[in-house]
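Peer 1: give me a model of this one.
(2 chains)
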There are 2 protein chains.
Amino acid sequence: MRLSHLFTKTTKNVPADETARNAQLLIQAGFIHKEMAGVYAYMPLGLRVLEKIKNIVREEMNTVGGQEVLMTTLQPRDIWEKTDRWDDAKVDNWFKTKLASGAELGVGLTHEEPIVDASGNYVHSYKDLPFFTYQIANKFRNELRAKSGLLRGREFLMKDMYSFARSQEEHEQMYERAVEAYHKVYERLGIGDRTYRTYADGGIFTPRFSDEFQTLSDVGEDKIFVDETKKIAINEEIMTDDNLAKLGLNRGELVEKRGVEVGNTFHLESKYTDALDVYYVNEQGERRSIIMGCYGIGVSRLMGVVAELFSDDKGLVWPEAVAPARVYLVRIGGDDAIRHADELYEDLKASGIEVLYDDRDERPGAKFADSELMGIPYRITVSDRLIEAEKYEFTPRNSGETTELTRSELFAKLG
Amino acid sequence: MRLSHLFTKTTKNVPADETARNAQLLIQAGFIHKEMAGVYAYMPLGLRVLEKIKNIVREEMNTVGGQEVLMTTLQPRDIWEKTDRWDDAKVDNWFKTKLASGAELGVGLTHEEPIVDASGNYVHSYKDLPFFTYQIANKFRNELRAKSGLLRGREFLMKDMYSFARSQEEHEQMYERAVEAYHKVYERLGIGDRTYRTYADGGIFTPRFSDEFQTLSDVGEDKIFVDETKKIAINEEIMTDDNLAKLGLNRGELVEKRGVEVGNTFHLESKYTDALDVYYVNEQGERRSIIMGCYGIGVSRLMGVVAELFSDDKGLVWPEAVAPARVYLVRIGGDDAIRHADELYEDLKASGIEVLYDDRDERPGAKFADSELMGIPYRITVSDRLIEAEKYEFTPRNSGETTELTRSELFAKLG
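Peer 2: So this is what the prediction gives:
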C-alpha cells in the first residue's frame, strides 16, 4: 500500500494518558486508537497485525481439529444462573445491559455457558463425541483499572476453545494436544523461547492445577518461578512446599521472574455440562457425564506483548510473522527515483511480498523515522545515487545494518 | 470435512419459537443457534457462509480503496453528546451499560461518531484527503421486536464504510463509486437481478434522498415501487407527487413490491465532522468542512436473505459463492465404497474443492435429506453399483436432476 493513501499518520508525541509502552508505541505508529482506558480501536495497520495473529492461532486450533464457531456478545440470564455465575456478588466484572422490555442481559465476559448450552442441541450419543470447538471473539470485562494498554482490556479479542470428552483418559489426551498447539502458536509469534508452561491455581471446580502460559517480561503482572532446565514454571500463588513436592520441583532450582499470561488451559471436569444438563449415552445405553477442558489465548493481548517485547528506542520491531508488511520502500529523489521505485513496488507485490511504499513528499529522515517507528522488518531505499550504482539500500529493522544490494541479491534476501 | 467429525447435527423439527423461514432452515441445518430473539450464534457451517459473505463485501470495499479498521463496541458518552445522539429520548434503541466506576457507556449501535473522532487524529491538511474507511463488526440495537431471524437482529454483523471528501464534487464521485461496489456485492451473491437501488428518505441531515438497496422478497418489511425499465425504485415513505417529479418517475410505470433492505448509502454532508470539530486546511491555508458519506451493508442480514430466497421445501439452496462447501459426498456401501469414497474425497480436496464428506453410518435416504437441507450445490454419490459401472452419481441441488458421470466428466463439471 502507498503511504500517501493511508489515512493514519504517525506522531512523535507520546500520548499523555498512556503509561504502557505497548499502547504508546502502537498509538504513535497509528496502529491503534484509544476509545477509553482498556478499549482500543484498530486502525488499518494495527488490524493487519491483529488478523495475522488471529490466523496463526486459527491455523493451530484447526490443526488439532478445532471447529470454529462464533458465539454472541448479548447473553441471556438463565444459562448463567444454572452455573451460579450471574450474580454480581459471584462474578464481579460483568457488564450488564437491559432489553427494551426490561429483562437484564449480560455482555459476554466468557462463553463456557453458551457453548455448552448450544452443544447440548447436538450431543446425545457417544458417537457425537469427542470434539474441540473454538471461537475468536470479543470479551468484555468490567475491570476497575486498565492501565496496561493491550495487556489488560475491558474489551479485548480472545480465542477460547473447549474440548468435550467421553472419559477422563480421552480428556487428558485432548488437553495435551491443545497444550502442544499453544506452544506452536508462541513459537510462530517469536516468543516461544521466553514463554513457559506454568502451573497455576485450577479454580474452584477441580483440585488439579491449571496451566498458564507466561511470557517473561518486566511489565508482567504475575510473579512466577522458573525451572530453566525443565522449561517449566510455577505461579507464586500456588508455590507451597506441598505443591512443589507434588510437581517434583525444587525450590533451590527456581528463578523468580515476571510474566505476562498469554494463555491458560483449565480442566473443567463436568461442572458446566452437568449444570446445563448436557450428557451423553454410552454404548451400553447409560447416561454419562461429559468431561470438558477450556483453552484461552488473549489475541489482542498477544499483540500488546509482541509490541512491548520487540521494540527499541526508535519504535516497534515486528517479527515477520505478524508485521503489517515485510518491506518498507523509501523513495528519495525526482522523476527517475519515482519511476524506479514505482516499478520495484509493483515487482515486489507481484512476487507476493507485502510492501508499504513511502511515496510521500517527505524528507528522507522523516521516512526513515516512520519506517523505524512502524517496525517493518525490511527497509529498501531507492535514490538517484543508488540508481546510478544499480544498487538498493537494504536495512533490516532488527539489526539496523545497511548494505547495498543488486536487484538479484535483494530478491534473494526476500525470497 | 468429514460429517462424522462435525459436532452439529441437522434436525427435522421446525423450531417452535421461530416464524421466519430463514431462521427455521438455518437452525434445522445446524448452521446457527438461537441465543434469544434477534441474537444468533454461528455454528461451523454457518460461520463459513458468513465468512464468505464478509470476504465478498471486503473485496469490493477494498476495490474502491476502502481501508479496513475495527472500531469498538464499548462507547464513551462524550462523543455522542456532541452530535446529540446519546439521550435515549433522541435515539431509542441504545443498549447501555456502566463502568465499575459508575460512568455510563453505550454498546455500539452505529459508528459514525467514533470513526470521525478517530480520523480527526490524522486528518489536518487537504493532502490527508480523500479516503474511504470501513469495518465489518457487530452492531447492537435494542429492538422491541425481533421475529425475522437474521433479517432483523438485536446483535448483527454489519459492514459500515465512510467517505471523507474535500468538496461536494469529490463526495459525489466517491458516493457513486461506493454504489457501484454495492451492485457488485449483490451480483456476486446471486441477488443482483432482484436488488434495486431505491430512493428513500435521507434522514434529518440533508434534504437529499438516501439510497436503499432493496431485494425483492415477500417477507420484506418495506413497500417499494419499482420502475422495471429504469431498474430503479422508490420507497413508499417518500412517494409524493413532488418527489416523483423530482426523480423523473411516473406513477403509472411503477409496480408495487415488497423488499428487504440489504444496504443503504447516505449523504452526511458535514454534520458529523463539524460536530466533532474535524476540519481540514486547504491549499490556501483556510479551514474547510469535510463532506462525508456513509455506506452500510447488513452482512448477517444478507445471509438471512440468501437463505430465505434460495430455498425450497427440502431446505437451503446456497449459491456457490457462499455455500459452506461446493460438494456433498455421499458414501453408500461397505469396504469397497469406503475406499473409493475416501480416495475421491482426498482427490477433490487436492483439486481445491471444498467437500462435506458424509462418511457416517446412516441410511442413504438420511444422507440425501441432509445434503438437501444443508443446500450444498453438488451432491456426488459413491456406491457399490456405481463403482462397478465406473460412474459417479452427480446431482446439482438447484435442479435436483441426477446424472451418472465418469471420473473425468465429474472433474470437468467441477473444474
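
Peer 1: quick one: the helix or strand where A:Ile338 lies near chain B?
Peer 2: In this structure, A:Ile338 sits in helix A:335-350 according to DSSP states H and E. No. Judged by Cβ under 8 Å from any Cβ of the partner chain, helix A:335-350 and chain B are separated, with a smallest distance of 14.0 Å. Any C-beta I mention is one placed from the backbone N, CA and C, and that applies to glycine too.

Peer 1: report all helices and strands that the helix or strand that that helix is followed by contacts.
Peer 2: Counting by DSSP H and E, the next helix or strand C-terminal to helix A:335-350 is strand A:355-358. For strand A:355-358, the helices and strands in contact under the criterion 3 or more Cβ pairs under 8 Å, 6 or more residues apart in numbering or on different chains; DSSP states H and E are strand A:327-332, helix A:335-350, helix A:364-374.

Peer 1: one more pass at 6 Å, please.
Peer 2: On a contact count with 3 or more Cβ pairs under 6 Å, 6 or more residues apart in numbering or on different chains; DSSP states H and E, strand A:355-358 meets strand A:327-332, helix A:335-350.

Peer 1: quick one: the longest one to chain centroid distance?
Peer 2: In terms of Cα atoms, centre = their mean, to the nearest Å, the gap separating the centre of helix A:335-350 from the centre of its chain is 34 Å.

Peer 1: elements contacting that helix?
Peer 2: Packing partners of helix A:335-350 (3+ Cβ pairs under 6 Å, 6+ apart): strand A:327-332, strand A:355-358, strand A:378-383, helix A:384-388.

Peer 1: any buried residues in that helix, and which?
Peer 2: Neighbour counts over helix A:335-350 (16 or more other Cβ atoms under 10 Å in any protein chain shown) mark A:Ala337, A:His340, A:Ala341, A:Asp342, A:Leu344, A:Tyr345, A:Leu348 as buried.

Peer 1: again with the shortest one
Peer 2: For strand A:327-332, a neighbour-count test (16+ other Cβ under 10 Å) marks A:Val327, A:Tyr328, A:Leu329, A:Val330, A:Arg331, A:Ile332 as buried.

Peer 1: that strand to helix A:335-350, inter-axis angle?
Peer 2: 170 degrees (axes from the mean of the first three to the mean of the last three Cα atoms, to 10 degrees).

Peer 1: name the residues that touch strand A:327-332?
Peer 2: A:337, A:341, A:345, A:353, A:355-359, A:364, A:367, A:371, A:376, A:378-383 (Cβ atoms under 6 Å, 6 or more residues apart in numbering or on different chains).

Peer 1: emit the ChimeraX select command for whichever of those are buried.
Peer 2: Buried subset of those, written as a ChimeraX selection, criterion 16+ other Cβ under 10 Å:
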select /A:337,341,345,353,355,356,357,358,359,367,371,376,378,379,380,381,382,383
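
Peer 1: all helices of chain A, in order?
Peer 2: A:21-28, A:44-63, A:77-82, A:112-119, A:168-188, A:241-247, A:271-275, A:299-309, A:335-350, A:364-374, A:384-388, A:407-414 (DSSP state H).

Peer 1: among those helices, show me which one is buried the most.
Peer 2: helix A:299-309 (a mean of 26; mean count of other Cβ atoms under 10 Å in any protein chain shown).

Peer 1: mind giving me the packing neighbours of the longest strand along chain A?
Peer 2: Using DSSP state E, we find that the single longest strand of chain A is strand A:255-269. The contact analysis (3+ Cβ pairs under 6 Å, 6+ apart) places strand A:255-269 against strand A:210-216, strand A:222-227, strand A:291-298, helix A:299-309.

Peer 1: could you dump stretch A:210-217 to CSV, C-alpha only?
Peer 2: The C-alpha coordinates for stretch A:210-217 follow below in CSV (Å, rounded to 0.1, in the frame of the first residue of the first chain):
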residue,chain,number,x,y,z
SER,A,210,-4.4,-25.3,35.6
ASP,A,211,-1.7,-24.3,33.1
GLU,A,212,-0.8,-20.7,32.4
PHE,A,213,1.5,-19.8,29.6
GLN,A,214,3.6,-17.0,30.9
THR,A,215,5.8,-14.8,28.6
LEU,A,216,8.8,-13.4,30.6
SER,A,217,8.6,-9.6,30.6
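
Peer 1: on that earlier part again, just the closest of the buried residues of helix A:335-350 to chain B, please.
Peer 2: A:Tyr345 (16.3 Å; Cβ to the nearest Cβ).

Peer 1: check contacts around the closest one.
Peer 2: Contacts of A:Tyr345 by Cβ under 6 Å, 6+ apart are A:Leu329, A:Val355, A:Tyr357.

Peer 1: tell me which of these is nearest to A:Gln168?
Peer 2: A:Val355 (51.9 Å; Cβ to Cβ).

Peer 1: looking at it, that closest one is touching A:Asp347, isn't it?
Peer 2: No. Judged on Cβ atoms under 6 Å, A:Val355 makes no contact with A:Asp347 at a distance of 9.7 Å.

Peer 1: next, count neighbours for A:Glu2.
Peer 2: Just so we're on the same page, residue A:2 is Arg rather than Glu. Neighbour count for A:Arg2, taken as other Cβ atoms under 10 Å in any protein chain shown: 14.

Peer 1: who are the contact partners of it?
Peer 2: By Cβ under 6 Å, 6+ apart, the contact set of A:Arg2 is A:Tyr357, A:Asp359.

Peer 1: show me what it bridges to in the sheet.
Peer 2: A:Tyr357 (DSSP bridges).

Peer 1: just to revisit the earlier point, possible to save the helices and strands packed on strand A:355-358 as CSV with mean pLDDT?
Peer 2: Output for the helices and strands packed on strand A:355-358, formatted as CSV (pLDDT from 0 to 100):
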stretch, mean pLDDT
strand A:327-332, 98
helix A:335-350, 97
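
Peer 1: can I get the ones you listed in JSON lines with distance to A:Lys271?
Peer 2: As requested, the helices and strands packed on strand A:355-358 are exported to JSON lines (distance: least, Cβ to Cβ, whole Å):
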{"stretch": "strand A:327-332", "distance to A:Lys271": "50"}
{"stretch": "helix A:335-350", "distance to A:Lys271": "52"}
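
Peer 1: still on that earlier bit, run me through the strand neighbours of the longest strand of chain A, direction for each.
Peer 2: strand A:210-216 (antiparallel), strand A:222-227 (antiparallel), strand A:291-298 (antiparallel).

Peer 1: could you export those strands as TSV, including mean pLDDT and mean neighbour count?
Peer 2: Shown next, in TSV, are those (pLDDT from 0 to 100; neighbours: other Cβ atoms under 10 Å in any protein chain shown):
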stretch	mean pLDDT	mean neighbour count
strand A:210-216	97	24
strand A:222-227	96	19
strand A:291-298	98	24
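
Peer 1: columns distance to B:Val64 on top of those strands, output as CSV?
Peer 2: Listed next are the strands paired with strand A:255-269 as CSV, based on distance: least, Cβ to Cβ, whole Å:
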stretch, distance to B:Val64
strand A:210-216, 40
strand A:222-227, 46
strand A:291-298, 34
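
Peer 1: picking up where we left off before, what does the longest strand of chain A rub up against?
Peer 2: Here strand A:255-269 makes contact (Cβ under 6 Å, 6+ apart) with A:182, A:205-206, A:208, A:210-218, A:220, A:222, A:224-226, A:292-297, A:302, A:305.

Peer 1: try stretch A:97-115
Peer 2: A:71, A:73-75, A:77, A:79-80, A:83, A:94-96, A:139-141, A:160, A:162, A:272, B:95, B:97, B:107, B:142, B:144.

Peer 1: 7 Å instead?
Peer 2: With Cβ atoms under 7 Å, 6 or more residues apart in numbering or on different chains as the contact definition, stretch A:97-115 has outside contacts at A:71-77, A:79-80, A:83, A:93-96, A:133, A:135, A:139-141, A:160, A:162, A:272, A:276, A:294, B:35, B:41, B:95-97, B:107, B:142, B:144.
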